[in-house]
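> give me the fold of what follows.
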Amino acid sequence: MLLNRISLNALAVMVSSVMMFASPAEAQSLRDPTLPSQGYVAVSSNAVPQQTMVLNSIVNGQRAYAVINNNILSVGDTISGVGLRVTSIGQDSVTLSDGRKLQLFQSITER
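You can find the predicted model right below:
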C-alpha cells in the first residue's frame, strides 16, 4: 500500500512537471488574433498627408467665388490651415496652387 502511494505521488509530480513545461508551448500556439502576423513591419512615413478639401459650391457673377471647407474664397485667396491658394475658379471646378483640381458633383436631378 505504501508502495502504491509513493508511485501515485511520483506520478502526480511527473504529471505536474510535464504540465508546467507544456504550458508555455501551448501559450505560444494561442496567439491573440487581433495582433498583426509575424511578418508585420511597421511603416512610418515622413510625408505630410494631404488635408481633405471639399468644394461645397461655386458662385459665378461679376466675380467668381468658391466655398471650400465652408469658407468663401475668390481667386488669389489662401485656404486657411492649408496654405494653398485658389488659382482659378471655373463653372464646376476650382484649381489650387499645388495643381489639385476640386470638382463639383453633378446634381442627381440634372439631365
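> give me the below-cutoff pLDDT ranges for the chain.
1-28, 31, 35-50, 106-111 (pLDDT under 70).
> can you give me the strands for it?
Using DSSP state E, the strands found in the chain span residues 55-59, 65-68, 71-73, 86-89, 93-96, 101-103.
> in the third one, what's buried?
By that I understand strand 71-73. Judged by neighbour count (16 or more other Cβ atoms under 10 Å), strand 71-73 contains these buried residues: residue 73. C-beta: built from backbone N, CA, C; applies to glycine.
> residues contacting it, please?
65, 66, 67, 79, 80, 86 (Cβ atoms under 8 Å, 6 or more residues apart in numbering).
> please apply the same query to the first one.
When contacts are taken as Cβ under 8 Å, 6+ apart, the neighbours of strand 55-59 outside the stretch itself are 64-70, 89-94, 102-104.
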